[in-house]
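1. the following comprises the amino acid sequence and a computationally predicted model.
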Amino acid sequence: MTIDLADYEKGAIFKGDYEAKLGALQERLAKIQVAHIIHDRRSVILLEGWDAAGKGGIIKRMTADWDPRYYKVHPIAAPSEEERDRHFLWRFWTRLPAGRNIAIFDRSWYGRVLVERVEGFCSRGEWKRAYDEINAFEKQQVDAGTNIVKLFVHITQETQDEQLAQRLDTPWKRWKTGAEDYRNRAKRKDYLDAMHDMFRKTDTKAAPWHVIDNNHRRAGRIAALNHVAKRLEKLVPMNFPEADPEVVKLAAKAYGYKVP
């Protein structure tokens, strides 16, 4: 079924106890990370979306209860000169997670068919070829045992304008905005065309897209964390080991009680 971003613009307000729901999801996600460690699994979670769409806020809450030794966030900016001298996927290969780890990409290899396409940073032939290259790359990872979760964080033009204005008005948020935000804003139709082409060509069985309506931040964050939790619970074994009998005996001795 084709993804149409116009279907994700309701901005429904979250109803219920937000802090309680958030806490429960973070506890689920903490167990999922432990399952990665115990069962030697690896996952990639990538987030694409508009400037000021709230990707960072989702990542912050998703990782709140995670052990920092076993996950890494990769904020993807423009490629360096060294990276430009290689195939566009090279810099992502070097950031893929090892076993027991989760890698989070704040923007990703989809930059080739989004910003690089729209802004003319690559040729038409390069971005058109990239769809097949990306699909093959993702299938390689899945076939090799890496789980992939792809989120697209969507907001309307009105919501984006509110967020960009808030960044300008808030001194400690001004570092997050710049001239490129407004250059990109002026090309919204071009970006929408690129996004819909991306969904049509890369929404695969191995690595499907999931769109988050983040026009209401609390509802969007809950939806994003819930999707990540549900998908990874299906992909990663969630059984936990019994206590080691020898360790139980040592604990009993240390605490001064008898093992039944």
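-> Here it is on my side, so go on. Model, not experiment: these values are computed from the prediction.

2. which is the succeeding secondary structure element to the lowest-mean-pLDDT helix or strand in the chain?
-> Of all helical and strand segments in the chain, the minimum by mean pLDDT, DSSP states H and E falls on helix 179-185, at a mean of 87. Remark: after helix 179-185, the chain's next helix or strand is helix 188-202, criterion DSSP states H and E.

3. report the buried residues of that next one.
-> Across helix 188-202, burial judged by 16 or more other C-beta atoms under 10 Å covers 191, 194-195, 197-199, 202. For glycine as for every other residue, the C-beta is placed from the backbone atoms N, C-alpha and C.

4. so which elements touch whichever helix or strand comes after it?
-> Helices and strands here follow DSSP H and E; after helix 188-202, the next one along the chain is strand 209-213. When contacts are defined as 3 or more C-beta pairs under 8 Å, 6 or more residues apart in numbering; DSSP states H and E, strand 209-213 sits against strand 146-154, helix 217-235.

5. just the ones you listed: most buried one?
-> strand 146-154 (a mean of 22; mean count of other C-beta atoms under 10 Å).

6. which helices and strands does it pack with?
-> strand 42-49, helix 55-62, helix 124-143, strand 209-213, helix 217-235.

7. what helices and strands are in contact with whatever helix or strand comes next after that strand?
-> Moving toward the C-terminus from strand 146-154, the next helix or strand (DSSP H and E) is helix 157-169. Applying 3+ C-beta pairs under 8 Å, 6+ apart, we find helix 157-169 packed against helix 179-185.

8. can you list the buried residues in the helix it packs on?
-> 181, 184-185.

9. now, which of those sits nearest Asp67?
-> Asp181 (33.8 Å; C-beta to C-beta).
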